[in-house]
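*Asks:* All I have is the shape, not the residue letters:
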């Protein structure tokens, strides 16, 4: 049975604007769900596009099924953040937002001027989420983190090896999706805290 979308109640995140600079699966999975909950998600892509556009099955190059799934309920804008004009456009866009989320490594974010300190100076009440694989500091902070790497380092591949006789990856992006859900919980709780306390 189909239901007229106009008769659907607004989602719990209606009125919340999210600036989404995430790529691949971890961050986009989180912001996809935020969009489904009613948030106005603005996906910012480089001129080359999110590399997730090329992963998995597709009929049209650059429009993979996975990208279309993660891109639903989002608006999109192309900004070249290596150019001053692109960064300025992002700053103006961020002024209208409640949430700013990216999954760049800490030094890359700082170099672009989109680390927490830089963003919060212009927008003090922003809920800022840096979805990094290994955290903001420590010996692995600047290392890339993809799902298979995390499955290996966390021991998940070894657990599969106990059943299969040799280490294997889970047949899905389990680490990215689980992390994306925790990112969603964290952002939602930060929004709730801000609503309650103003902080």
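*Replies:* The structure has been received and is ready for your questions. These figures come from a predicted structure and were not determined experimentally.

*Asks:* Break down the protein into its helices, ranges please.
*Replies:* For the chain, the helices defined by DSSP state H cover 26-36, 65-71, 84-94, 106-112, 116-122, 147-154, 156-164, 174-197.

*Asks:* which residues are contacting the second one?
*Replies:* Same thing as helix 65-71. Helix 65-71 is contacted from outside by 25, 28-29, 32, 43, 50, 52-53, 55-58, using C-beta atoms under 8 Å, 6 or more residues apart in numbering. For glycine as for every other residue, the C-beta is placed from the backbone atoms N, C-alpha and C.

*Asks:* want to throw those into JSON lines with neighbour count, pLDDT and distance to residue 117?
*Replies:* Output for the contacts of helix 65-71, formatted as JSON lines (neighbours: other C-beta atoms under 10 Å; pLDDT from 0 to 100; distance: C-beta to C-beta, whole Å):
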{"residue": "25", "neighbour count": "22", "pLDDT": "91", "distance to residue 117": "28"}
{"residue": "28", "neighbour count": "27", "pLDDT": "95", "distance to residue 117": "25"}
{"residue": "29", "neighbour count": "22", "pLDDT": "95", "distance to residue 117": "27"}
{"residue": "32", "neighbour count": "22", "pLDDT": "96", "distance to residue 117": "28"}
{"residue": "43", "neighbour count": "23", "pLDDT": "97", "distance to residue 117": "24"}
{"residue": "50", "neighbour count": "23", "pLDDT": "86", "distance to residue 117": "26"}
{"residue": "52", "neighbour count": "20", "pLDDT": "83", "distance to residue 117": "28"}
{"residue": "53", "neighbour count": "21", "pLDDT": "84", "distance to residue 117": "31"}
{"residue": "55", "neighbour count": "15", "pLDDT": "80", "distance to residue 117": "33"}
{"residue": "56", "neighbour count": "12", "pLDDT": "78", "distance to residue 117": "36"}
{"residue": "57", "neighbour count": "7", "pLDDT": "81", "distance to residue 117": "41"}
{"residue": "58", "neighbour count": "15", "pLDDT": "78", "distance to residue 117": "39"}
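
*Asks:* Just the ones of those in strands?
*Replies:* Among the contacts of helix 65-71, the members found in strands (DSSP state E) are residue 43.

*Asks:* Return the closest of the contacts of helix 65-71 with respect to residue 82.
*Replies:* Nearest to residue 82 among these is residue 50, at 15.9 Å by C-beta to C-beta.

*Asks:* Return the residues in contact with that closest one.
*Replies:* For residue 50, the contacting residues are 23-24, 28, 43, 67, by C-beta under 8 Å, 6+ apart.

*Asks:* Next one: it relative to residue 166, how far apart?
*Replies:* As for residue 50, its distance to residue 166 is 33 Å (criterion: C-beta to C-beta, to the nearest Å).
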